[in-house]
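Peer 1: got a sequence here, can you model it:
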Amino acid sequence: MQSFRSELEDINNPVIEKDIIDLADKISKFRNLQIDDDKFRSVRLARGVYGQRQPGVQMIRIKLPYGKITTRQLVHIANLSDEFASSTLHATTRQDIQIHYVSLDRTPELWAKLEKEKITLREACGNTVRNVTGSAKAGIDPNEPFDITPYAQATFEYFLRNPICQEMGRKFKISFSSSDEDSAFSFIHDIGFIAKVKQVNGKEVRGFKVVVGGGLGAQPMLAQVAYEFMEEDQIIPFAESLLRVFDRYGERARRQKARMKFLMAEIGLQGLLDLAKAEYPALKHKTFRIDTTSVQQPEPQPEGKVYPEVSIDNEARYQLWLQTNVFPQKQKGFFAIGLKTQLGNLSSDKARALAEVVREFAADELRITVTQGYILKFVREEALRGLYVALDKLGLANPGFESTADVAACPGTDTCNLGISSSYGIAVELERVMTEEFPDLVKNSDISIKISGCPNSCGQHGIAGIGFHGSSQKKDGLVLPALQVLLGGGVDADGNGRIANKVIKIPSKRGPEALRVLLADYDENGNDGEYYKDYFARQGDRYFYTLLKPLTSLDDLSDSDFVDWGEEQNFKVETAVGECAGVIIDLVATLFYDSEEKLDWANEAFAEGRWADSLYHSYNVFVTSAKALLLSEDVKNNTQIAIIRDFDRIFVEKGEFTFPEGSFEAHITKISSNEPTKAFAGTFKEEAAAFIEKVKATRTKQLIASN
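Peer 2: Numbers count the residues shown, from 1 in each chain. Okay, here's the model as predicted:
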């Protein structure tokens, strides 16, 4: 594992170097049983290292803000996938790239090599701010009021390594949509920003419609409108204030209730906004002006460039490709090209070849879409025929980009610990059915088909026109793979999001027949021009339940029904397999270790003049130390605010600890009501250091008394 250190010399960024060395150190401590499994899991996930279904190997999630990637970066990832992983690049619905089958011990070296091309793993997984997503056509969309790219980039940079969002109760997702079409699906995000402009005193002012509290998973919820218009310099302060609230009040023990949507459901939208407003005095920035020139459009191919003349064997297919995969940009004379990739997968060889094609015909930038495809930019009209032929040789000129025939799917049981039944296998079969039996669907962009291997909705089945998620059923003591069918989700003509409704569960092998029945029914009974989501709303759940009910019968099963797609053996539900330290760890001691590490971070931030960061690290010293002492009394809590209040109840009210403000809560939550000054940060970190020592001394007395 030490071989990664030679790679650090080329990074020339001490913060990143320290991050990678720290990951290697934590891996070593985990191997030597010095860190318990839960603590190590949080460390590696926040570094993009995710345990696979297959023991001993990891999935690595590569964080690509709003899906932007250059050809050089694409080739670099492809080469590293060959060296470290399985030579397949998987594009996700969050515009990341995942590679699989990586040894844990090699992850620091892989990270170091990725950073040579400015690619990070940091906070791609875990209880952090995940990848900031954005409309894939941002900057070239004829309907956008302005380019959201610099705003998404600034948000990504601001919250990367930010102390307020490193160890929250759960993940936090942010999106930026270019227009009211909401192509980045703001309505399923913790915070969604939709570009807006308005006239103020005769001057055009940029801003965003802001929605909060959305999410998918087993209990999907639509985001609610927090502000119809927020000026551009307020979006990052608002996001920071909301994250601080989520960190303190969000659920931490019950994973299924630990998203911000549940906190908002508990206290209401106004309660959430009131708490956020109360955090403003403590913010690092009350306004944050974003440099809109910080992200530039890539250079197109030079005007007058001569492209090779080509012969196209199937002119009708080319014309169909032009109709479904080619889009005029707002920049006159240029076109964007959508690439349809099955299941979001590219082999490393194909990725390298694609990079060469892009360099020849387009600008040197691709965008990964939220539908697991790719978009090329700034293609001149005279380059289209040659580009089509070059892409066709790679199998990347299939018509139907983001059409009904373009199925999105997560990896499911192929690699994911949480997968229940196959998503890849059924996705391939559904695409085959549509290609062979419903060829005109490549022209239909109304019905989206999305598949996940479990209810968590990584394949976004919860917003599909026709969605499926993996499940299971029992028959005579045997288990067979099943699919939950969901219908009616998506974005309507006004940009309003709709959550798909659960309709019925069927054996997985009947998924293709369910699709046939649904499409035939829509073709026969839908009104002219009626969107599928509107058709579903008109007919209602009961209609579709009755329509699909014949497919639920378990009286006429065949042996193949007990075998999942792509498998040979009978189906069985596999439980997740994680790392195990193999011994009982002193969790109280581990929390003290965490507190001391956070105090080091507070001192480091203070020395660098980052007063707000130092204050938040000190605050976490108090909370983590208090949690340790409560745990020693067998008191467990779901939220930070519960830890704070229980510490008051158990230790302060009994006189074991005293604070000038009268309570522990008043003492440490003053970080919200005070400006983050040097004097305050210095005093607070000294108080945090003293608190650790007193808590440890109290713990020592407990241990002596127990012996």
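Peer 1: got the domain ranges for the protein?
Peer 2: 2-115, 141-282, 315-393, 408-562, 587-706 (automatic domain parsing).
Peer 1: in TSV: those, plus mean pLDDT, mean neighbour count and distance to Leu121.
Peer 2: From N, CA and C alone the C-beta is placed, and that goes for glycine too. TSV is the format used below for those (pLDDT from 0 to 100; neighbours: other C-beta atoms under 10 Å; distance: least, C-beta to C-beta, whole Å):
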stretch	mean pLDDT	mean neighbour count	distance to Leu121
domain 2-115	91	20	3
domain 141-282	95	20	11
domain 315-393	97	20	16
domain 408-562	91	20	17
domain 587-706	92	18	20
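Peer 1: check which helix or strand Val357 maps to.
Peer 2: helix 348-361 (DSSP states H and E).
Peer 1: give me the distance between that helix and the centre of its chain.
Peer 2: Computed by C-alpha atoms, centre = their mean, to the nearest Å, the chain-centroid distance of helix 348-361 equals 26 Å.
Peer 1: CA atoms of it as CSV?
Peer 2: Provided in CSV are the C-alpha atoms of helix 348-361 (Å, rounded to 0.1, in the frame of the first residue of the first chain):
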residue,chain,number,x,y,z
SER,A,348,-12.3,1.1,-21.1
ASP,A,349,-11.3,0.4,-24.7
LYS,A,350,-14.5,2.1,-25.9
ALA,A,351,-14.0,5.0,-23.6
ARG,A,352,-10.5,5.6,-25.0
ALA,A,353,-11.8,5.3,-28.6
LEU,A,354,-14.7,7.7,-27.8
ALA,A,355,-12.2,10.3,-26.5
GLU,A,356,-10.5,10.2,-29.9
VAL,A,357,-13.8,10.7,-31.7
VAL,A,358,-14.6,13.7,-29.5
ARG,A,359,-11.2,15.3,-30.1
GLU,A,360,-11.8,14.9,-33.9
PHE,A,361,-15.4,16.2,-34.1
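Peer 1: neighbouring strands - and their directions - for the helix or strand just after it?
Peer 2: Proceeding C-terminally, helix 348-361 gives way to strand 366-368 as the next helix or strand, assigned by DSSP H and E. Applying DSSP bridges, strand 366-368 is found paired with strand 68-69 (antiparallel), strand 374-380 (antiparallel).
Peer 1: next, format the ones you listed as TSV and append distance to Gly566.
Peer 2: Listed next are those as TSV, based on distance: least, C-beta to C-beta, whole Å:
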stretch	distance to Gly566
strand 68-69	29
strand 374-380	25
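Peer 1: can you point me to the longest helix in this protein?
Peer 2: Taking DSSP state H as the assignment, the helix of the chain that covers the most residues is helix 678-706.
Peer 1: any idea how far that one is from the middle of the chain?
Peer 2: Distance of helix 678-706 from the chain centroid (C-alpha atoms, centre = their mean) equals 37 Å.
Peer 1: helices or strands next to it in the packing?
Peer 2: In terms of contact count using 3 or more C-beta pairs under 8 Å, 6 or more residues apart in numbering; DSSP states H and E, helix 678-706 is assigned the packing partners helix 587-607, helix 611-632.
Peer 1: closest to Asp19 out of the ones you listed?
Peer 2: helix 587-607 (12.3 Å; C-beta to C-beta).
Peer 1: please name every helix or strand in contact with the closest one.
Peer 2: Using 3+ C-beta pairs under 8 Å, 6+ apart: helix 587-607 touches helix 611-632, helix 678-706.
Peer 1: show me the contacts for Ser553.
Peer 2: Residues touching Ser553, when contacts are defined by C-beta atoms under 8 Å, 6 or more residues apart in numbering, are absent altogether.
Peer 1: quick one: it from Ala520, how far?
Peer 2: Note on Ser553: its distance to Ala520, by C-beta to C-beta, to the nearest Å, is 19 Å.
Peer 1: now Phe187: phi and psi?
Peer 2: In terms of degrees, to the nearest 10, the main-chain angles of Phe187 are phi -70, psi -10.
Peer 1: if we can go back for a sec, for the strands paired with strand 366-368, which one sits closest to Asp414?
Peer 2: Closest to Asp414 of the strands paired with strand 366-368, according to C-beta to C-beta: strand 374-380, at 21.1 Å.
Peer 1: how big is the angle separating the closest one from helix 348-361?
Peer 2: With axes from the mean of the first three to the mean of the last three C-alpha atoms, to 10 degrees applied, the angle from strand 374-380 to helix 348-361 works out at 20 degrees.
Peer 1: Ile375 and Ala363 touch, don't they?
Peer 2: No. Distance between Ile375 and Ala363: 10.9 Å, which falls outside the contact criterion (C-beta atoms under 8 Å).
Peer 1: on the three-state scheme, the residue nearest to Phe208 when sequence neighbours are not counted is what?
Peer 2: Of all residues beyond its chain neighbours, the one nearest Phe208 is Phe193 (4.1 Å), with distances taken as C-beta to C-beta, 6 or more residues apart in numbering. With DSSP: H, G, I helix; E, B strand; the rest coil as the basis, Phe193 sits in strand.
Peer 1: quick check, Phe193 in contact with Gly207.
Peer 2: No. At 9.2 Å, Phe193 and Gly207 do not qualify as touching, with contact defined as C-beta under 8 Å.
Peer 1: related to what we said a few turns ago, let's have the helices and strands packed on helix 587-607 in TSV, adding distance to Ser448.
Peer 2: Output for the helices and strands packed on helix 587-607, formatted as TSV (distance: least, C-beta to C-beta, whole Å):
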stretch	distance to Ser448
helix 611-632	40
helix 678-706	49
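Peer 1: ranges for the strands of the stretch 351-500 of the chain?
Peer 2: For the stretch 351-500 of the chain, strands defined by DSSP state E, counting those that start in this stretch occupy the ranges 366-368, 374-380, 408-409, 449-452, 466-475, 478-487, 490-491, 497-498.
Peer 1: over to the stretch 1-150 of the chain?
Peer 2: Assigned strands in the stretch 1-150 of the chain, in chain order: 49-51, 57-62, 68-69, 88-91, 97-103, 133-134 (criterion: DSSP E, counting those that start in this stretch).
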